[in-house]
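S.K.: I would like the atomic coordinates for the input below:
(2 chains)
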Amino acid sequence: GAGVSQSPSNKVTEKGKDVELRCDPISGHTALYWYRQSLGQGLEFLIYFQGNSAPDKSGLPSDRFSAERTGGSVSTLTIQRTQQEDSAVYLCASSLQGAQPQHFGDGTRLSIL
Amino acid sequence: RKEVEQDPGPFNVPEGATVAFNCTYSNSASQSFFWYRQDCRKEPKLLMSVYSSGNEDGRFTAQLNRASQYISLLIRDSKLSDSATYLCVVNRRGADGLTFGKGTHLIIQP
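M.R.: I've put the predicted structure just below:
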């Protein structure tokens, strides 16, 4: 497709389980970003990739969160031992290069029971 | 000081009115500025870039004041469909990514 694609669109899981979220950016976009947004709150930056490397991981809230990007394209965000406070919408965005306009996917709505 | 600050609102405005809101940023080295729009339970979407000389796109006008480090968005002849949260965005300190403000909530009333 032409836009940023995220999967799954919704995920419900039990506390303590691991989850993996996927983002497929717009073809040719070298920069990829992960954010999360809790209900009624602003965007919280998590991590930024330029190509396959992550020059800025400053937003990851704890060591339970990790992300990787392979082949300069698809990225996965993994949350281990999920907690209820991890419940949020996880948004992925991509741009041609850093500091360029970002295009967002529809997000993954994560609910931890 | 937060990197990007916005008045959260809500701004309640009658249809047809003109509304303006500002955003301030802390990084004087910021080079890229944008306004995004986010509808309830939807992803943010780019509304317009903001250029030094100011720019207009239909009913929307964006202005940048580098000396005072603020960005403004003016909406003329507001429509019900303009109701949304407007996010001010600047490039992040020391990185290539963008920092999003928490948004200003706008409600256009019939």
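
S.K.: Counting neighbours, what do you get for residue 74?
M.R.: No chain in the question, so chain A it is. Number of residues near A:Val74 (other CB atoms under 10 Å in any protein chain shown) recorded here: 14. Yep, even glycine has a C-beta here, placed from its N, CA and C like the rest.

S.K.: that's the other chain; I wanted chain B
M.R.: By the other CB under 10 Å criterion, the neighbourhood of B:Leu74 contains 15 residues.

S.K.: And it, how far from chain A?
M.R.: Using CB to the nearest CB, to the nearest Å, B:Leu74 is found at 20 Å from chain A.

S.K.: Spit out the contact partners of that residue.
M.R.: Listed by CB atoms under 8 Å, 6 or more residues apart in numbering or on different chains, the contact set of B:Leu74 reads B:Thr18, B:Val19, B:Ala20, B:Phe60, B:Thr61, B:Ala62, B:Gln63.

S.K.: Return the member of those residues nearest to B:Gly101.
M.R.: Using CB to CB, B:Ala62 comes nearest to B:Gly101 of the contacts of B:Leu74, at 14.0 Å.

S.K.: Contact partners for B:Leu47?
M.R.: B:Phe34, B:Trp35, B:Tyr36, B:Arg37, B:Phe60, B:Leu73, B:Tyr86.

S.K.: which parts of chain A sit against chain B?
M.R.: A:31, A:33, A:35, A:41-43, A:45, A:48, A:50, A:55-56, A:91, A:97-107 (CB under 8 Å from any CB of the partner chain).

S.K.: quick one: secondary structure of B:His105?
M.R.: Following DSSP: H, G, I helix; E, B strand; the rest coil, B:His105 is assigned to strand.

S.K.: Show me what it is bridged to.
M.R.: B:Thr85 (DSSP bridges).

S.K.: B:Phe21 too?
M.R.: The partner residues for B:Phe21, given DSSP bridges, come to B:Leu73.

S.K.: Tell me, how many residues neighbour it?
M.R.: 19.

S.K.: ok, and the closest non-adjacent residue to A:Ser66?
M.R.: With CB to CB, 6 or more residues apart in numbering or on different chains as the criterion, A:Ser66 has its nearest non-adjacent residue at 5.1 Å, and that residue is A:Thr78.

S.K.: Could you report the pLDDT at that neighbour?
M.R.: At A:Thr78, the model reports a pLDDT of 97.

S.K.: Which of the helices or strands spans it?
M.R.: Assigned by DSSP states H and E, A:Thr78 falls within strand A:75-79.

S.K.: Against which helices or strands is whichever helix or strand comes after that strand packed?
M.R.: Note on strand A:75-79: by DSSP H and E, the next helix or strand toward the C-terminus is strand A:88-95. Where contact means 3 or more CB pairs under 8 Å, 6 or more residues apart in numbering or on different chains; DSSP states H and E, strand A:88-95 is packed against strand A:5-7, strand A:19-24, strand A:31-37, strand A:75-79, strand A:103-104, strand A:108-112.

S.K.: Fine, thanks again, bye for now.
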